[in-house]
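Engineer: Next one to model:
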Amino acid sequence: MDLPHDQTNGIQQRRRVGLVYDERMCRHSTPDNEPHPENPNRIRAIWNRLVSAGITQRCEVFRAKEVEDKYIAAVHTNNHINLIKTISSKKTPSQRNRAAAKYNSIFFNEGSSESAYLAAGSVLEVTEKVAKGELNSAFAIVRPPGHHAEENEPMGFCLYNNVAIATSFLLNQKELGINKILIVDWDVHHGNGTQKMFWKDPRVLFFSVHRHEHGYFYPAGDDGSHFMMGEGPGLGYNINVPWENGQCGDADYVAAWDHILIPVAKEFKPDIILISAGFDAAIGDPLGGCRITPNGYAILLKKLMEFSSGKIIMALEGGYNLTSIANSVLACVELLLEDKPITESFDVYPFGSTWRVIKAVREELSTYWPILADKLPENLTSRVAPLVPTYSSESDDEYDDGSNALPEDLQEDVTIPLSKLKLTEDTHDADQVTAAASQAWRSELSKIDVWYASFGSNMSESRFLCYIEGGQAEGMKRPCRGAVDKSQPKEVLWKTVPHRLFFGRESTVTWGPGGVAFLNPESNDQEKTFMCLYKITLEQFNDVLLQENTRADTSSPFFDLKALNSIEYEKNVSLEALKDGWYHNVLYLGKESDVPVITMTCTRAHVEGFKSGKIPICAPPKEYADTLVRGLVQGKQLSEDEAIAYIQEASTKPL
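Structural biologist: Numbers count the residues shown, from 1 in each chain. Below you'll find the model as predicted:
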């Protein structure tokens, strides 16, 4: 493909590529400079690599410029803006630490406010220059990153959503003539914040390809599912490509481009493209566990240069191996400058799981993008690479306390429980340390029995056993991993409790569109809910708890003996480490044969959200309701007609 060049009097001109770098963004760091993967050396390493390669001399270089609050306010609330604006100047270190602790994977110091404003302002400034034609394209080497930051909440190392702010600016500046924007998020983690900000907007086509693992990979949950396609006028304009595993590399990503993104982009015809350019899917990244090479990133970028006359703005997101991010950014900027020819040839094919995901995404999107309706030929999808079994258990919070010492040519997924291990440790030793820590708590909790009381789909024993044995029951759209101890429940019994059963949420990855069951933590003598009790170990309960809350890290228990001993008096134990899950509130329901009866449900605050309408009350999907009915009938609690009526009443009765 010949990339577009500027022409001046018939003389071919080099593309005008902008670079933003500013040392002031290095002032944002952890309190007391504790080691952390999102650290100032990330952007320094990139800048130094570009300087040594002579790239900066061929680009137009800009210092960062702080963003104005009025542009931030288009995507973030006033409370969010006030938090970030004042966190450095009007808070003491202890106040900053307490504030950071309220959020998922966030730190603050005296340089955080300035860095956040500079990062957002840098992306906005070069975006405006590209939109006006002053630059052909640009790369903003910024931090802190942005794509996890939501409307009213920083998270995942992100303070302001830099790309979303720039996108909103373009749409609101009518004189720029930008009516359709493609956002490509190739960071290894799902761009949850950006997705939510343009959820209903057909002017923005949001495409995120990310490691998802059925909702177990950070930021976890359903948001990154391919079922999440937008809403109202934006339906079909949100595209998620959720990898089922690590190790995905050049061939996998190019397949997603060729068979999903590029066909849709041709139909969409964007006026400009913004890339949330995280490089934590790069080979050797300690948080990502994928294998994209610098040449692979250049190929992906080259395919996007076919659109919008090559008007592309790249904004740095993640990427935590200093060598990998530096070489990957270099390859991308060279491509923007048209410095080097790019060859697209691979010695390996995509994984079978990659084709499975691509087919599923195409099928869901075909209603909105008919170009995806055709089935991929068998002679294409049959060519697959073997997936090598590897150790993988990313932590719940994306945090690690080490440096970037993993080799660039790392060929395996070695993501580890990041809150426990240093990245400088040998990965074999790391596995041993993690295994030992896990074995210690498992050995202790395997000796303690509890009754796990189920009021939802787990009332059906075949469904519950998916959480123990692993697998997929009828009606489920994704499999469960299963527990480490796959022993069958020691006993099963039924009882009723004076709590309200209701259904809420709009959709889940496991069941699709529709609500799922919740139990009001508040007791009410006027209510009666059927519960199926399984006698299992406290170790197994932790594995069920983690799977229900879409987490993968079992290096330590979240509900331990201390919590079990206290719950009889506290009645509820809300697990802060699982706060993003819907079932992180463990509820005490008394004892049976002197063994505690516990269940998991939402919090009282969530119940208030359901009552107010902030969180939707929603009847369950047919497959889910059928599973509940099956459990009640097989458990000999109700006849089929009675069970259907029971579910119907719980679905329709006001809270």
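Engineer: report the longest helix in this protein, please.
Structural biologist: helix 112-132 (DSSP state H).
Engineer: after that one comes which helix or strand?
Structural biologist: Downstream of helix 112-132, the first helix or strand assigned by DSSP states H and E is strand 137-140.
Engineer: Now do that following strand: everything it contacts.
Structural biologist: With contact meaning Cβ atoms under 8 Å, 6 or more residues apart in numbering, strand 137-140 is reached by 15, 17-20, 119, 122-123, 126-127, 129-130, 162, 277, 310-316, 329, 332-333, 336. Where you see a C-beta, it was placed from the backbone N, CA and C, and this is true even at glycine.
Engineer: one more time with 7 Å, if that's ok
Structural biologist: Outside strand 137-140, the residues that touch it by Cβ atoms under 7 Å, 6 or more residues apart in numbering are 15, 17-20, 122-123, 126, 129-130, 310-316, 329, 332-333, 336.
Engineer: low-confidence ranges in this protein?
Structural biologist: 1-13, 345-347, 388-438, 550-555 (pLDDT under 70).
Engineer: contacting residues around the closest residue to V204 other than its chain neighbours?
Structural biologist: In space, and not counting its chain neighbours, V204 is closest to F198: 4.0 Å by Cβ to Cβ, 6 or more residues apart in numbering. F198 makes contacts with 204, 206, 234, as judged by Cβ under 7 Å, 6+ apart.
Engineer: Then Y71?
Structural biologist: Taking Cβ under 7 Å, 6+ apart as the criterion, Y71 is in contact with 124, 165, 169.
Engineer: again, only this time at 10 Å
Structural biologist: 120-121, 124, 160, 165-166, 168-169, 172-173 (Cβ atoms under 10 Å, 6 or more residues apart in numbering).
Engineer: How about V329?
Structural biologist: Going by Cβ under 10 Å, 6+ apart, V329 touches 19, 43, 45-47, 49-50, 55, 139, 141, 277, 279, 282, 294, 297, 314, 316, 319.
Engineer: swap in T30?
Structural biologist: 36, 38-39, 100, 107-109, 401.
Engineer: Only whichever of those residues are buried, select them in ChimeraX.
Structural biologist: Burial among those is assessed by 16 or more other Cβ atoms under 10 Å; the matching ChimeraX selection reads:
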select :36,38,39,100,107,108,109
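Engineer: and the contacts of T30 as CSV, adding secondary structure and distance to E364?
Structural biologist: As requested, those are exported to CSV (DSSP: H, G, I helix; E, B strand; the rest coil; distance: Cβ to Cβ, whole Å):
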residue, secondary structure, distance to E364
H36, coil, 37
E38, coil, 33
N39, coil, 38
A100, helix, 37
F107, coil, 37
F108, coil, 39
N109, coil, 43
D401, coil, 39
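Engineer: how much distance is there from the helix or strand that contains T194 to the middle of the chain?
Structural biologist: Using DSSP H and E, T194 sits in helix 192-197. Distance, stretch centre to chain centre, for helix 192-197: 10 Å (Cα atoms, centre = their mean, to the nearest Å).
Engineer: ok but I313 is inside a helix, no?
Structural biologist: No. With DSSP: H, G, I helix; E, B strand; the rest coil as the criterion, I313 is located in strand rather than a helix.
Engineer: N520 and T601, how far apart?
Structural biologist: Counting by Cβ to Cβ, to the nearest Å, the gap from N520 to T601 is 8 Å.
Engineer: out of these two, which sits in the more crowded spot?
Structural biologist: With other Cβ atoms under 10 Å as the criterion, N520 and T601 differ in neighbour count, and T601 comes out ahead with 25 against 21.
Engineer: Please determine how far that one is located from D250.
Structural biologist: 44 Å.
Engineer: now swap in V329 and tell me
Structural biologist: From V329 to D250 the distance is 17 Å (Cβ to Cβ).
Engineer: what's the answer for E338, then?
Structural biologist: Computed with Cβ to Cβ, the distance linking E338 and D250 is 21 Å.
Engineer: Neighbour count: the two, which is higher?
Structural biologist: With neighbours defined as other Cβ under 10 Å, E338 and D250 compare such that D250 has more, 24 against 20.
Engineer: That one contacts R291, doesn't it?
Structural biologist: Yes. The pair D250 / R291 is scored as a contact, 7.5 Å apart, by Cβ atoms under 10 Å.
Engineer: on that earlier part again, so which of the contacts of T30 is the closest to D641?
Structural biologist: Closest approach between these and D641, by Cβ to Cβ: A100, at 53.6 Å.
Engineer: Pretty sure the closest one sits against P154.
Structural biologist: Yes. Between A100 and P154 a contact is recorded at 8.7 Å, counting by Cβ under 10 Å.
Engineer: Next, show the common contact partners of those two.
Structural biologist: By Cβ under 10 Å, 6+ apart, the residues touching both A100 and P154 are 87, 106-108, 112.
Engineer: H148: which of those residues is nearest?
Structural biologist: The nearest member of the shared contacts of A100 and P154 to H148, counting by Cβ to Cβ, is I106 at 9.5 Å.
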